[in-house]
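Student: Got a predicted structure here, sequence first:
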Amino acid sequence: MNEIDTVPAPRDGKPPSPSPSDAPLVASIDTATVDPDLFGPSWTVLTPTVQRRPGAGAAATRRLLLAWSRRELRSRYRESGFRGLWNLVQPVTILIIYSFVFTQVFGADGGGLPYLSVAWAGVVVWQFVQQGVQMGMWSFIYEAGTLPKIWYPRIIIPLTPATAALMDLGVGVLLIIGVALVQGIRPTVALVALPLPLLLIIVWVYGASLIVAPMAVFIRDLTTIVPLMMRLGFFTSPVMYPVSQVPEQYQWLFALNPISVAIEGVRDTMLAGVWPDWQLLGVHLIGATVLLGLGAWYLRRVEHRLVDAL
Amino acid sequence: MTDTSVEGAGTPPSYDAPDPTAPALIELAESAGINPPAWSGPAAIVLADATKWYDERKRGRMLSAIPRANPAVPPANAVRALEAIDLVVGEGQSIGVIGNNGAGKSTLLRLVAGVTSPSRGVVAVNGPVASMIELGLGFHPEMTGAENLHFAAGLLAMTPNDLRLRWDDIVDFSGIPHALDQQVKHYSSGMMARLGFALASHSDADIILIDEVLSVGDFDFQRRSLERIMTLNREGRTTIIVTHNLDALPPLCHRIVQLDKGRVVADGTPREVLPEYVAQERAKYARRNSGAVTISNLEIEPTSLHPSDPLTIRGTIEVHEAMPGCRAVVRVGLGAALLAWAGDDLSGESSLTRLADEPLDLNLGRGPATFHIDTTITSFPLFPGDYEVGLAVLEPDLEEIAKLVVPVDVLGERDTQKNLRLRLEQRNARDVVA
């Protein structure tokens, strides 16, 4: 019997751990009195009350998120004839139909700006919200194949749809400039403030996805409620009309809505060529950041229960 | 067959066609020095009193949306998947987990993979885990094989650089370099498994979980997979292998853990555990198919009653040979609920089944005898629908030996006082041998 050749472990040259904070020896463990603190930082320790993981590291998580977003984008249009052009078909269709309804039936106008530019800016931001939140809501449910098999940073799943939608948002913003130029609008220096309203909507959508995605796993009714809320949100947010068209006594309501603030911010900086409402934008940026933090906290608190509910 | 499992230190181990009898393999493995009886050195996986129950109620699922601590006591009707598991696995140790379906093997793997928390107790795992629980995990059907390697590598904690370094090995091992630029949806299941195994088995993870993947692909690939697992184990990876392919276990495992109904019932070297398990299973199979028990004459009375009236069930059990410890049960259930009967209350519907008021404690151990069952079920609220009524004989571990199930249509009608009366109509009996 030649044990040295054949017994694979313990690993050669690795001395028994000196401190109980590293790997405790097999013989030293009494399963009747195991204390979670026995295990060092390289251990994943799970109890009903403690979920401690070594953590994948921010770089690895970001890499995974980007890889999955790329996969999402590639798979979406691989089989379709027009590839990325479909990104535009939906918002353009919405624009055409609703522009007709809002201008001809409801009598909306651009409030001093060309209507088409105003509406297109609303549609671009709205499409991002719609894609990010609605696809985010389904993300864990669609990922039921891998979730029970292996642990990876769960946060990437709800953030993937929004991250993939960033590309559409970028293309959409470029097209706003195009439409505006065609309609005779010349950009002013206020354009440098454009990233702020965009940041607001991105942070807000990320935060909302982090909350709604795990919740939809536990409470499946959300998968019907959220689309309904989105439908309401489309009309109650100034997507197809500017806030200036809204009767004075209701305008304060729009100041409460982050989507509205973001859309108006985009219109101010790109179309009207004026600085956005700093105060309003600042307050909502803080609010969206709090939402994002809340979402990250919430997901951390419930992520270990997702698999049981799928 | 000669060198089953292990060669010299420098060459990778090879795996020959398994001999169908496990004990012979065990001897070979032992003589080659595998299966050291005791394990010293650091621990890699620790489960202490690890218990897992699932709350199948919709309310329970909704409550888990609230970020609070998990409930400390199991809710009523909780499905118990694992019960007080104590298991310490050493670094580099290779464990085979065996047991029948529903024994808790998958839940054990889920706990070790860290995807779910124990309902009680502690689960601690040292280092990254690679899962071969499903081959092709994280593959997207629209993507090509090569693209999928890039995307899925992230799930196995491989960096792009790790992947680049091992790309040739992975592609070589998969044996399908020609298909890497095809979309995965055009792959056969074997090709998918090859690529998935190639990727997962080249990850850096310290702990490798393998579930029933030893039986995919053709013979050549299976053999190479086994060799690859042995190589990983020789490199000092800790492995947990779940399989029903018992022949594969002795050369791969230092230790076998047998689960049954969520508990560890045996834990030892392959020599200690496997022959015993095989003997148990053979005996169980033989008993079930021996016709040692027959059930007949299942009757339900009355055939017309009010919804809350008691129901009397009669039947005959003939025992042709001694069945120590076995017992008979009578059960009524709604629709398909009886599929999950006999202590196997897996689905929510089974709450609609009910055992007889008095548990039937027949002594079936004495030898040939005929028993006439006459039992009453009160307080089972019948309402119009399709029911099943059954009589079964269970082994001590609650496995069925024989069962007779009668589908009953319960039809509603109004009597003279306009109260609901039920009429029971038996359809043809189904004789079920488990």
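Tutor: Here it is on my side, so go on. Note that the coordinates shown come from a computational prediction; the quantities given were computed from them, not determined experimentally.
Student: Next, the buried residues of the longest strand seen in chain A.
Tutor: For chain A, the longest strand by residue count, based on DSSP state E, is strand A:43-46. Buried residues in strand A:43-46, counted by 16 or more other Cβ atoms under 10 Å in any protein chain shown: A:43-46. (Each C-beta comes from the backbone N, C-alpha and C, glycine too.)
Student: cool, and stretch B:301-317?
Tutor: By neighbour count with 16+ other Cβ under 10 Å, stretch B:301-317 contains the buried residues B:305, B:311, B:313-317.
Student: now do stretch B:234-251
Tutor: Within stretch B:234-251, the residues that qualify as buried are B:234, B:236-243, B:246-251, counting by 16+ other Cβ under 10 Å.
Student: follow-up on the earlier one: tell me the one among the buried residues of strand A:43-46 nearest to residue B:383.
Tutor: Nearest to residue B:383 among the buried residues of strand A:43-46, counting by Cβ to Cβ, is residue A:46 at 43.7 Å.
Student: Next up, the contacts around the residue nearest the centre of chain A.
Tutor: For chain A, residue A:206 is the residue whose C-alpha lies nearest the centre (Cα atoms, centre = their mean; 2.9 Å). If a contact means Cβ atoms under 8 Å, 6 or more residues apart in numbering or on different chains, then residue A:206 has A:132, A:159, A:162, A:292, A:295 as its contacts.
Student: Leaving out the residues flanking it, which one is nearest to the third one?
Tutor: Among residues not flanking residue A:162 along the chain, residue A:132 sits closest, at 3.4 Å (Cβ to Cβ, 6 or more residues apart in numbering or on different chains).
Student: Contact partners for that neighbour?
Tutor: A:161-162, A:165, A:205-206, A:208-209.
Student: so which two of the residues you listed are the farthest from each other?
Tutor: Longest span within the contacts of residue A:132, Cβ to Cβ: A:165 and A:208, 12.7 Å.
Student: Show me which of the two is the more surrounded one.
Tutor: Taking other Cβ atoms under 10 Å in any protein chain shown, residue A:165 and residue A:208 do not tie; residue A:165 has more neighbours (26 against 23).
Student: Now do the phi/psi pair for that one.
Tutor: phi -70, psi -10 (degrees, to the nearest 10).
Student: what's the burial count for the closest residue to it other than its chain neighbours?
Tutor: Counting by Cβ to Cβ, 6+ apart, residue A:165 lies nearest to residue A:131, which is 4.1 Å off, once chain neighbours are set aside. Number of residues near residue A:131 (other Cβ under 10 Å) recorded here: 20.
Student: now swap in residue A:106 and tell me
Tutor: Neighbour tally, residue A:106, other Cβ under 10 Å: 12.
Student: Quick check: it vs chain B, distance?
Tutor: Distance of residue A:106 to chain B, computed by Cβ to the nearest Cβ, to the nearest Å: 39 Å.
Student: Identify the residues contacting that residue.
Tutor: So residue A:106 contacts residue A:241 (Cβ under 8 Å, 6+ apart).
Student: Read off the pLDDT value for it.
Tutor: For residue A:106, the pLDDT comes out at 78.
Student: and the lengthiest helix in chain B, anywhere near chain A?
Tutor: Secondary structure assigned by DSSP state H gives helix B:270-288 as the longest helix of chain B. No. If you take Cβ under 8 Å from any Cβ of the partner chain as the test, helix B:270-288 misses chain A, and the best it gets is 14.4 Å.
Student: Using PDB, write out every CA atom in stretch A:167-175.
Tutor: Taking Å, rounded to 0.1, in the frame of the first residue of the first chain, the C-alpha atoms of stretch A:167-175 are listed here in PDB:
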ATOM      1  CA  MET A 167     -27.200  51.400 -24.700                       C
ATOM      2  CA  ASP A 168     -30.700  52.200 -25.900                       C
ATOM      3  CA  LEU A 169     -30.700  55.200 -23.700                       C
ATOM      4  CA  GLY A 170     -27.400  56.400 -25.200                       C
ATOM      5  CA  VAL A 171     -28.600  55.900 -28.800                       C
ATOM      6  CA  GLY A 172     -31.900  57.600 -27.900                       C
ATOM      7  CA  VAL A 173     -30.200  60.700 -26.400                       C
ATOM      8  CA  LEU A 174     -28.000  61.000 -29.600                       C
ATOM      9  CA  LEU A 175     -31.200  60.900 -31.600                       C
END
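Student: which of the residues in it are buried?
Tutor: A:168-169, A:172-173, A:175.
Student: Report the entries of the buried residues of stretch B:234-251 that also contact chain A.
Tutor: Near chain A, by the rule Cβ under 8 Å from any Cβ, you find B:234, B:236, B:238 out of the buried residues of stretch B:234-251.
Student: Count the neighbours of the closest residue to the last one other than its chain neighbours for me.
Tutor: Read that as residue B:238. Among residues not flanking residue B:238 along the chain, residue B:44 sits closest, at 4.2 Å (Cβ to Cβ, 6+ apart). When counting by other Cβ under 10 Å, one arrives at 27 neighbours for residue B:44.
Student: Was I right to think residue B:44 contacts residue B:91?
Tutor: Yes. Judged on Cβ atoms under 8 Å, residue B:44 makes contact with residue B:91 at a distance of 4.3 Å.
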